[in-house]
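>>> Sequence first, predicted model second:
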Amino acid sequence: MHKKIDYSKELNPAQLEAVRSTEGQFLVIAGAGSGKTRTLVYRVAYLVENGIKPENILLLTFTRKAAEEMLRRAAMLLDERCQKVSGGTFHSFANSVLRKYARLLGISNGFTILDRPDSEDAINLIRARLGYNKMDKRFPRKSTIAEVISLSVNKSEPIEGVLYDEYPQFIEWTDEIAKVRDEYKEYKRAKSLLDYDDLLVFLKDLLEKHEEARLALAKKYRYIMVDEYQDTNKLQAYIVCLLACEHKNVMAVGDDSQSIYSFRGADFKNIMDFPRIFKEARVITLEENYRSTQQILNMTNEVISHAGEKFEKNLYTKNRAGNLPIYVDARDENSQSKYIVDKVLKLREEGRELKDIAVLFRSGWHSNDLEVELANRNIPFVKYGGQKFVEAAHIKDVLSLLRIVYNRFDQVSWYRALLLLRGIGAKTAERIIAQVSASQKPDIDQKLMGKSADLSKLMEALNSADIQKHSPAQIVHAFLKFYQPLLKEKYDDFNKRLNDLDSFERIASRYESLERFLTDMALEPPERSIVEAGIKDKDDSRLTLSTIHSAKGLEWHTVFVIYVAEGHLPSYLSLEDKDEIEEERRLFYVALTRAKENLFLLKPHLDRSARGYLGSGGSIFTAISRFLEEGGILHRFAQTEGADFSQLGEILIEDPAAGTEGRKPDRDFLDEIKRFYRDH
C-alpha cells in the first residue's frame, strides 16, 4: 500500500501551487533560500502519486548528483516508483537518446565520448598536423583552442566573437582556429567520436530535423522539469522547447537573480524569454526564505530591486531576529585581512565552528593577502574557485627565483627557474645546475650562457653585488620585470595572473627579511599540523574561502564579502557593458544571500602599489561598490565599522516508446520555436 502525503501541511502556499500545477507550462521563480529543491522533490512525488507513470517524467538537472538526490528524497516521501523517473543532466539524457537514434544522424550508435583532456589531445594533434605548432608568432595552446571552440558552441557565437571577449590577444588567429575546429569535426566523424558539446548539438539536430524521433520522445516524456533554468545556454533552452512543443507540459525552475554563469555560456535571456515562447505559461514565485534573517533580506531585496530586467519578488522570512549587516571600511587590504581573522577567532571562541564561516570574493586573487594572514595565525582553510595563492604555478615560478637569491645551492629552485627560460631544456638545465653547485657563486661557462639570452639576464641579476641587501619587495620588483615576458610566453591566460603578481609584491613589502618572507610563503598547511597533532575536536574544521561563483547554492552562518569596491565588485572588466554590470549585480546578490545570521561587507582603501588590474601608473578605484550606493542601501540597511590595524605587528533512460502513428504534429508551434531561436 502506497503512502499518502499531506502536501498542504508540508509546503507553503506558493510551493503547494507549484507542486499541484501539472498540465501546462510553468515558470517557477525560486528566490534564494526559498525551498526550490524541496518543491521539485514534492512535485515528482505528486505526479507519481496521481497516476503519472514514472517513465513519462523527465527531470533535467546540471549535475547527476542533484538528480539522484532529488529522486532519492522523492522515493523516501512516497515509494520506490520515484526512483524510476528519468533524471539526469542534459548531456546524459542526450547520450541515451543518441544511442538509439544515431543512425538518423549518420553516426554509429557505438560512438565513444571524448572527455576534455581527450579533446585537447585531439586538437593538439590537429594543431601540429596543420603546422601551427611552428608558427613564427605565438599560437594558442591546445587547452585554449578547446575552450574557444566549446564556448563558440555553447554560446552560439562565431569563433571571432569568443576570441574578442575572452582571448583578444589571439584575434589575429581567427581563421586558423576555425580551421582547427573544422578539422577537429572531421577527425571525430571519421573515428566515431563525440565530445560533450557534440552530445547537445546532435540532440538538437535530431529534434529539429527528424520529426518521427521528436514525436516519439514527446510521447514518452510527457512531463518535463528543468532545474536551474537560469543556467541553461541557448542550445539547452532550445532543446527543452523542442522536447515540449507537442504536449507543452513543462516546468522550468530557477531564479533570474542568480544567473551568473555567462562565462560558461549560460544565457540570462533564457529564463526571461520562457513566457515569451510559451505564451500561456504561468509564473509562480517562491518568496518565503528559510535561510537568512529579515535584516539580511532587506538589503538583498533592495540590491536586486535596481536590476534593469527581472521578475518581481520580495523575499521575506518568519525569522525576524538578527543583526544588521556590517560594513567595514578598512585602512588597506592587510587591515581587511586582520579584521576578518580577529572576527573569525572571536566567533570560534563563542562556539561557532570554522566550517560555518565563509569569506567570499569576486576574483580568486582577492584572497591572496588573507591566505597569508590565515597561515600566519594558524587558521586552517579550504579555497574554492582558483588555487591557493602559494600553490599557483606562476607564484611558484617567482618563488624559485627568490629562493636562489637566498640559497644559490637550491637545486630544485634552479631547475624550475631554468626551465622557464627560452632555449633551455632539461639536459642543459642539469648541466647548469652541476656547474652552479660546484662553484662558490653562481657562475656558468660561456658556452652554456650562449644557449639563452634569458639566462644571461638572470645571471646578471643574480650576480649583482648587493642583491641580498635589497628589501624583499625590491628583489620581487626586479624579478617581476624579468619574469613578465616569460609569463606571457608560458600562459595563454597570463593577463588573469598579473593580479596575483601584484599581490605578491604588496605582501613582500610588509617584510624586512627575505628569509622570513620565504619561510612564511613555505609554511605547511595548518590543517596538516592539526591532524599530525592528533587534535580531533571542532577545530578540525576549516574556514571556507570561495569565489562567489563557486559559492552558489551554499550557505553559512557567517559570511564576509571582501573588496566591495568599484573595479573589484563590480569587476573593472564589466564597467563598459550594461549587461555585464547587471550580471555583476546578480553576483553580488548571490554573495549576500549565502549568509544566515551574520553578514560583513569589507572595502579596503587601496594605495598606489595596488596597480594590479589597471597596470602600472593607473588610477585606483577606492569608491564603494555602486551596488551599495544605489538608493542609499548602505545607510539604510547596514551599520558601519572601521578597521585600522596599521599598528598591529549517468542516467539510464529507457528507449522512447514506439507507436506514434496517427498523432498530428504541432508544426505551427514548432515553426514558431525555430523562428524565435533563429531570430534571437
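Noted; the coordinates are in hand. Numbers count the residues shown, from 1 in each chain.

>>> With adjacent residues omitted, what lies nearest to Trp414?
Counting by C-beta to C-beta, 6 or more residues apart in numbering, Ile433 is the residue found nearest to Trp414 once chain neighbours are left out, at 5.0 Å. C-betas here are computed from N, CA, C, even on glycine.

>>> Ignore what I typed, I meant Val390.
Nearest to Val390 is Met521, by C-beta to C-beta, 6+ apart, at 5.5 Å.

>>> Run a quick check on the one you found versus Leu399, I expect a contact.
Yes. Met521 sits in contact with Leu399 when judged by C-beta atoms under 8 Å, with a separation of 6.1 Å.

>>> Any chance you could list residues touching both of the two?
Val390 (C-beta atoms under 8 Å, 6 or more residues apart in numbering).

>>> which regions of the stretch 1-150 of the chain sit below the pLDDT cut-off?
The stretch 1-150 of the chain contains residues with pLDDT under 70 at 1-3.

>>> Which parts of it are strands?
Along the stretch 1-150 of the chain, the segments classed as strands by DSSP state E, counting those that start in this stretch run 25-30, 57-61, 86-89, 112-114.

>>> Mind checking those for the one nearest to Ile624?
The minimum distance between Ile624 and the strands of the stretch 1-150 of the chain falls on strand 25-30, with 29.6 Å, by C-beta to C-beta.

>>> In which helix or strand does Asn154 reside?
helix 142-155 (DSSP states H and E).

>>> which residues are in contact with whichever helix or strand comes after that helix?
Using DSSP H and E, the helix or strand that directly follows helix 142-155 along the chain is helix 159-166. Helix 159-166 is contacted from outside by 147-149, 151-152, 155, 170-171, 173-174, 177-178, 181, 263, using C-beta under 8 Å, 6+ apart.

>>> same thing with stretch 143-150?
The contact list for stretch 143-150 (C-beta under 8 Å, 6+ apart) reads 116, 119-120, 123, 127, 140, 159, 162-163, 166-167, 170, 177, 180-181, 184, 196-197, 265, 492-493.

>>> Compute the number of surrounding residues for the nearest residue to Ile171 once chain neighbours are set aside.
Spatial nearest neighbour of Ile171, chain neighbours left out: Leu163 (4.9 Å); criterion: C-beta to C-beta, 6+ apart. The burial count assigned to Leu163 is 23, neighbours taken as other C-beta atoms under 10 Å.

>>> go on, Glu597?
Using other C-beta under 10 Å, Glu597 is surrounded by 19 other residues.

>>> That one reaches Pro325, doesn't it?
No. Glu597 lies out of contact with Pro325 (C-beta under 8 Å); the separation is 10.8 Å.

>>> Glu641: how many residues sit nearby?
Glu641, neighbours per other C-beta under 10 Å, totals 13.

>>> And the helix or strand in which it is found, what does it pack against?
Using DSSP H and E, Glu641 sits in strand 639-643. Where contact means 3 or more C-beta pairs under 8 Å, 6 or more residues apart in numbering; DSSP states H and E, strand 639-643 is packed against strand 326-330, helix 333-349.

>>> what would these look like in JSON lines with mean pLDDT, distance to Ala453 and mean neighbour count?
Below are the helices and strands packed on strand 639-643 laid out as JSON lines (pLDDT from 0 to 100; distance: least, C-beta to C-beta, whole Å; neighbours: other C-beta atoms under 10 Å):
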{"stretch": "strand 326-330", "mean pLDDT": "93", "distance to Ala453": "44", "mean neighbour count": "20"}
{"stretch": "helix 333-349", "mean pLDDT": "94", "distance to Ala453": "36", "mean neighbour count": "19"}
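
>>> Contacts made by stretch 169-181 with the rest, please.
123, 126-127, 130, 132, 137, 139-140, 144-145, 148-149, 152, 159-160, 163-164, 492, 495.

>>> try 7 Å this time
Residues from elsewhere that reach stretch 169-181 (C-beta atoms under 7 Å, 6 or more residues apart in numbering): 123, 126-127, 130, 132, 139-140, 145, 148-149, 159-160, 163-164.

>>> re earlier: can you pull the pLDDT of the residue nearest to Val390?
With respect to pLDDT, Met521 has a value of 72.

>>> what number of residues lie near it?
Count around Met521 with other C-beta under 10 Å applied: 21.

>>> wait, isn't Ala122 in contact with Tyr187?
Yes. Counting by C-beta atoms under 7 Å, Tyr187 is a contact partner of Ala122 at 5.9 Å.

>>> Those two: who's more crowded?
Ala122 (20 against 16).

>>> What separation do you get for the more buried one and Arg116?
According to C-beta to C-beta, to the nearest Å, Ala122 and Arg116 sit 11 Å apart.

>>> Next: Lys204.
Spatial separation of Lys204 from Arg116 under the definition C-beta to C-beta is 21 Å.

>>> Quick check on these two: which one has the bigger neighbour count.
Shown here are Lys204 and Arg116; by other C-beta under 10 Å, Lys204 has more neighbours (17 against 13).

>>> give me every residue that touches the more buried one.
Here Lys204 is in contact with 235, 238-239 (C-beta under 7 Å, 6+ apart).

>>> switch to 10 Å and redo it
By C-beta atoms under 10 Å, 6 or more residues apart in numbering, Lys204 lies in contact with 94, 235-236, 238-239, 242, 677.

>>> same check, this time on Met521
372, 375, 389-390, 395-396, 398-399, 402-403, 504, 507-508, 511.

>>> swap in Asp6?
Counted by C-beta under 10 Å, 6+ apart, Asp6 has zero contacts.

>>> got it, and Lys346?
Shown in contact with Lys346 (C-beta under 10 Å, 6+ apart): Arg352.

>>> rerun that using 7 Å as the cut-off
With C-beta under 7 Å, 6+ apart, Lys346 has no contacts at all.

>>> What of Arg127?
Counting by C-beta under 7 Å, 6+ apart, Arg127 has contacts 133, 142, 145, 180.

>>> Which among those count as buried?
142, 145, 180 (16 or more other C-beta atoms under 10 Å).

>>> gap between the last one and Lys142?
Relative to Lys142, Val180 is positioned 9 Å away (criterion: C-beta to C-beta).

>>> pLDDT score assigned to the closest residue to Asp329 other than its chain neighbours?
Excluding the flanking residues, the one nearest Asp329 by C-beta to C-beta, 6+ apart is Gly642, at 5.4 Å. Per-residue pLDDT puts Gly642 at 71.

>>> ok, Gly642 - how many residues close by?
11.

>>> and what of Asp121?
Count around Asp121 with other C-beta under 10 Å applied: 12.

>>> Then Gln484?
15.

>>> Next: Gly110.
Here the number of neighbours of Gly110 (other C-beta under 10 Å) works out to 8.

>>> can you check the one 5 residues further on too?
The tally of other residues near Asp115 (other C-beta under 10 Å) stands at 9.
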